[in-house]
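Undergrad: Sequence and predicted structure, then a few things I'm wondering about:
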Amino acid sequence: MKKPLLATEFLDRARENFGEHEAVLTVEGDRLTYDELGDRVDRLSAALQDHGIEKGDRVAVLDPNTHYHLETAYAAIQIGAVHTPLNYRLKPGENEYIINDAGIDAIVCDYDFVDNVDPVREAVDVETYICTDPEQADTDEEWADYESVIDGYDTGEYERPEMAEDEIVTINYTSGTTGDPKGVMRTHRTETIHAYLTAQQNSIASDDVYYWTLPMFHVNGWGHIFAITGVGARHICARGFDPERTFEKITEEDVSYMCCAPTVMNMLIEHWEEHDPQTTGDNDLRIASGGAAPPEATMRTLEDKIGWYFKHMYGSTETGPLIVTSDYNRLFDQDDDSRFEIKNRQGFAMLGTEIDVVDEDGNSVPQDDETIGEIVVRGNQIMEGYWNKPEETEEAFSARREGWFHTGDLATLNEDGMLKIKDRKKDIIVSGGENISSLQLEDCLYNHPAVREVAIIPVPSEEWGETPKAYIIPKNGDPENPGVTAEEITAYTKEHLADYKAVRVVEFVDQLPKTSTGKIQKYELRQTEWDGHDQMVGEG
Ligand code: AMP
């Protein structure tokens, strides 16, 4: 028997079986059951259809982790539209690119973020603008009020079209290695398989209490929009991330499970060290890390001092993201210090997933933990391709080994087949778990009147794992008196791009290392910066 794998399954199942149970604690403190959540989703679906949204149209949501994001995702999906979350930290110009690239037809926007969209209204072709609370929004533009919009409709009023598992259900934008962000297309099938895997690998069950520390826009909150809902567990929503509030909610709501990048874990640790808050409610707590390599000290503190259980996950937007983990409890003794050697490695493939580490010719590297190659992967959770980018898609699935997705991450394998990431082939910086495109930063700085030539590379950072550094040849050629200060360079990048992408370190130079064809040899610059480290990627 073959039943189509549809992402609508998750909310349908929760409504069917857990309808009267709490689904969401909203930021405002309201408790919605799955019946109530489903009812609001249905009414938004009807409203979107009435605004002309049809199957295949793209619906964007720009929101800092509230129940409105969950509702919009499901409302779009169940009318066959494509859920397209936007990163709420992006500047208007960055949103303009994505909105036009994706061809967004409707936007549901949090009241605090309308000015990330308003300035580019003339430059985009969006028909429907809905705001979660226009009265609180600082705007002169027309935004329909979310609650009034859904109040106009009843539960049974929308029509669910026929859907097939290979149709696109979501597009997630990721920082491109070519400068512009790339839309990662995911189908009902890839989302569903990924959510099953997430639930299995992170032992998610109906009595789990999930606290949202991970942005929902980041690969659909790593699939937890689907997995938590599908198993009938509880979502605790929060606007953005705040360590104090996180500890409060953990104890008040008996949180059992969270996910975040190591940088966010370090912020929790810092708060705990300073304020000694209670660390659990009635439930034990497990915390899954992804997006960057976790420092060993972070894992130790979380497990040995704070008393949470640590899980290490690896993947990328293109891969679902979850493909690899070292969280295989029978391979280590949770009471023994030696477990951190395993937990620190990215690990091996999850169920239904195959990974390999390959050389330039696509051959497997030996499992000697020394030979470095690129991680390639095959699995049903891997993306369909990049939106409107057939060449990049072709390259991603064939560069070294045909039919495998090429992650751009460089790693070794030990004799047990466990991955350890050592370096990165792609030209990105992973800072605090978010990707930053070096090329986008370089493009930005080439517009600065005092910059003649610039190379951006990742350099180690205690706080963020990695941070962008700019090597700049000034227009006047004089690195001693470049005519601009490092602070002005940082401010310039902040003015044009999201704050988290800002260049934090600047060095003025009179030349850059180049190949005979004139290409800047960033590898040489990186080697200098990472001298003394045993890998050229950050931890944190
Ligand atoms: P993104 O597409 O934004 O999720 O970023 C994916 C990239 O983050 C990967 O290709 C890696 O370079 C990095 N990354 C994710 N998880 C880990 C991890 N556990 N260890 C090291 N790097 C990671």
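TA: Received the coordinates, thanks.

Undergrad: Now Gly315: closest residue in space that isn't a chain neighbour?
TA: Pro321 (3.2 Å; C-beta to C-beta, 6 or more residues apart in numbering). (C-beta placed from N, C-alpha, C; glycine too.)

Undergrad: so that neighbour makes contact with His224?
TA: No. Proximity of Pro321 to His224 does not meet the contact threshold set by C-beta atoms under 8 Å, at 11.5 Å.

Undergrad: still on that earlier bit, check the gap between the residue nearest to Gly315 and Met313 for me.
TA: Taking C-beta to C-beta, to the nearest Å as the measure, Pro321 falls 8 Å from Met313.

Undergrad: any residues in contact with both of the two?
TA: Trp222, Gly290 (C-beta atoms under 8 Å, 6 or more residues apart in numbering).

Undergrad: downstream neighbour of the host helix or strand of Leu44 in the secondary structure list?
TA: Secondary structure from DSSP states H and E places Leu44 in helix 34-50. Once helix 34-50 ends, the next helix or strand along the chain (criterion: DSSP H and E) is strand 58-62.

Undergrad: what's the angle between the next helix or strand after that following strand and strand 58-62?
TA: Following strand 58-62 in sequence order, the next helix or strand is helix 67-77 (DSSP H and E). Orientation check (axes from the mean of the first three to the mean of the last three C-alpha atoms, to 10 degrees): helix 67-77 against strand 58-62 gives 180 degrees.

Undergrad: in its sheet, what does the worst-scoring helix or strand of the chain on mean pLDDT sit against?
TA: Using mean pLDDT, DSSP states H and E, the weakest-scoring helix or strand in the chain turns out to be strand 434-437, at a mean of 87. Note on strand 434-437: by DSSP bridges, its sheet partners are strand 428-431 (antiparallel).

Undergrad: So what touches the partner strand?
TA: 175, 177, 263, 291-292, 408, 424, 435-438, 456-458, 461, 464-468, 500, 537-538.

Undergrad: Next: stretch 528-540.
TA: Residues from elsewhere that reach stretch 528-540 (C-beta under 8 Å, 6+ apart): 262-263, 266, 292-295, 298, 420-424, 430-432, 457-466, 469, 526-527.

Undergrad: Restrict that stretch to CA atoms and write it as PDB.
TA: Provided in PDB are the C-alpha atoms of stretch 528-540 (Å, rounded to 0.1, in the frame of the first residue of the first chain):
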ATOM      1  CA  THR A 528      46.800  32.500   9.200                       C
ATOM      2  CA  GLU A 529      43.700  33.200  11.300                       C
ATOM      3  CA  TRP A 530      43.200  29.600  12.400                       C
ATOM      4  CA  ASP A 531      46.800  28.800  13.200                       C
ATOM      5  CA  GLY A 532      47.000  26.800  16.400                       C
ATOM      6  CA  HIS A 533      43.400  25.400  16.000                       C
ATOM      7  CA  ASP A 534      43.000  21.700  15.000                       C
ATOM      8  CA  GLN A 535      40.200  22.600  12.700                       C
ATOM      9  CA  MET A 536      39.200  25.600  10.500                       C
ATOM     10  CA  VAL A 537      35.600  25.900  11.700                       C
ATOM     11  CA  GLY A 538      34.400  27.400  14.900                       C
ATOM     12  CA  GLU A 539      32.900  25.800  17.900                       C
ATOM     13  CA  GLY A 540      30.000  27.600  19.300                       C
END
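
Undergrad: How far off centre is it?
TA: For stretch 528-540, the distance from its own C-alpha centre to the chain's C-alpha centre is 23 Å (C-alpha atoms, centre = their mean, to the nearest Å).

Undergrad: got the buried residues for it?
TA: Neighbour counts over stretch 528-540 (16 or more other C-beta atoms under 10 Å) mark Glu529, Trp530, Gln535, Met536, Val537, Gly538, Glu539, Gly540 as buried.

Undergrad: can you check stretch 299-310 too?
TA: Counting neighbours by 16+ other C-beta under 10 Å, stretch 299-310 gives Met299, Thr301, Leu302, Glu303, Ile306, Trp308, Tyr309, Phe310 as buried.

Undergrad: Please narrow those to those residing in helices.
TA: Those of those mapping onto helices are Met299, per DSSP state H.

Undergrad: Mind telling me the two of the buried residues of stretch 299-310 farthest from one another?
TA: Based on C-beta to C-beta, the longest span within the buried residues of stretch 299-310 runs between Thr301 and Tyr309 and measures 13.1 Å.

Undergrad: pLDDT wise, what is the residue lying closest to Ile456 once chain neighbours are set aside at?
TA: Once flanking residues are discounted, Ile456 sits nearest to Ser438: 4.1 Å by C-beta to C-beta, 6+ apart. For Ser438, the pLDDT comes out at 88.
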